[in-house]
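Peer 1: Sharing a sequence plus its predicted fold:
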Amino acid sequence: MNTTKFRFSAKVWLYPGDEAWHFVSLPKKESAQVEAMQAKKVRRGWGAVRVTVNVGKTSWDTSMFPHKQSGTYILPLKAAVRKKEGIMVGDTILLSIRLQEA
C-alpha cells in the first residue's frame, strides 16, 4: 500500500467565531503536494482529505480541509487530544500526518 506521510511543526490557532475550534495549518509546500495528489480524486464534502494524525503519544483519524484564506490545508485538533497532550492555543507542536487511501 502506498502511503503519503508528512512531518512538520505548526502553531495551534483558534478559528474565529463562537465555537472553540482549534487548528493547525499545514505548511504551503505540503499543502501544495496534498492538493496535487487530490486533484484527480473525487472530492469529499468541503474538499476534506482523510488522514491519520500523530501528536506526541496520541494517534487519531480525522479530516483536514482546504482553507482558501491561507492557501493551505487546516487540521482540527480534538479537545481530547489537546487535553491528553497538554496543547494550548499558540503552542507549536510536532505532527505526523498520513493520508488515507480512501
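Peer 2: All right, it came through fine. Residues are numbered from 1 along each chain as shown.
Peer 1: Just give the number of residues close to Asp18.
Peer 2: 6 (other CB atoms under 10 Å). C-betas here are computed from N, CA, C, even on glycine.
Peer 1: Tell me where the protein has helices.
Peer 2: With DSSP state H, the ranges of helices along the chain come out as 28-38, 79-85.
Peer 1: For those helices, give me CSV that also has mean neighbour count and mean pLDDT.
Peer 2: What follows is those, written out as CSV (neighbours: other CB atoms under 10 Å; pLDDT from 0 to 100):
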stretch, mean neighbour count, mean pLDDT
helix 28-38, 15, 88
helix 79-85, 14, 96
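Peer 1: Kindly reformat these as CSV containing distance to Asp18.
Peer 2: CSV is the format used below for the helices of the chain (distance: least, CB to CB, whole Å):
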stretch, distance to Asp18
helix 28-38, 27
helix 79-85, 16
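Peer 1: Relative to Pro66, which of those is closest?
Peer 2: Nearest of the helices of the chain to Pro66, taken as CB to CB: helix 28-38 at 7.2 Å.
Peer 1: what's that closest one in contact with?
Peer 2: The contact list for helix 28-38 (CB atoms under 8 Å, 6 or more residues apart in numbering) reads 4, 6, 8, 25-26, 47, 49, 64, 66, 71-73, 99.
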